[in-house]
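Enquirer: missing the sequence, but the structure's below:
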């Protein structure tokens, strides 16, 4: 599966952005979708994920209540709605197709999110 992430940009603290991850190729619905981010000088971290059935979602504590992960299998697209953004959310965000075994099978290119204070 090939992924393309888009929707990043510059936003003031407290603002919102919605990232999208468009998939093509193999069956998108058979993968979980993960959103990762990497800030300058830091390791890439998993921010949120959603199972292929939409039944299970996961997010790290620092974004709970602010970020919402979702997907539309009919459109082969995953989403990350980010509200109440903080400067510490500034990072390059990546989407990934995660297999049932938990490994990342495919990465999208990163999209930069910059939150100004």
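Expert: Cool, the structure landed. Predicted, not measured: the structure shown is a model, and the values here were computed from it.
Enquirer: Run a quick neighbour tally on the nearest residue to residue 98 once chain neighbours are set aside.
Expert: Take residue 98 and drop its neighbours on the chain: the residue closest to it by C-beta to C-beta, 6 or more residues apart in numbering is residue 32, 4.1 Å away. The C-beta positions use only the backbone N, C-alpha and C, and glycine is treated the same way. As a burial measure, residue 32 scores 21 neighbours (other C-beta atoms under 10 Å).
Enquirer: Who is the residue nearest the centre of the chain paired with across the strands?
Expert: In the chain, the C-alpha nearest the mean C-alpha coordinate belongs to residue 35, at 2.8 Å (C-alpha atoms, centre = their mean). Following DSSP bridges, residue 35 is listed with bridge partners residue 48, residue 95.
Enquirer: Quick check, it in contact with residue 57.
Expert: No: taking C-beta atoms under 8 Å as the definition, residue 35 is not a contact partner of residue 57, at 10.8 Å.
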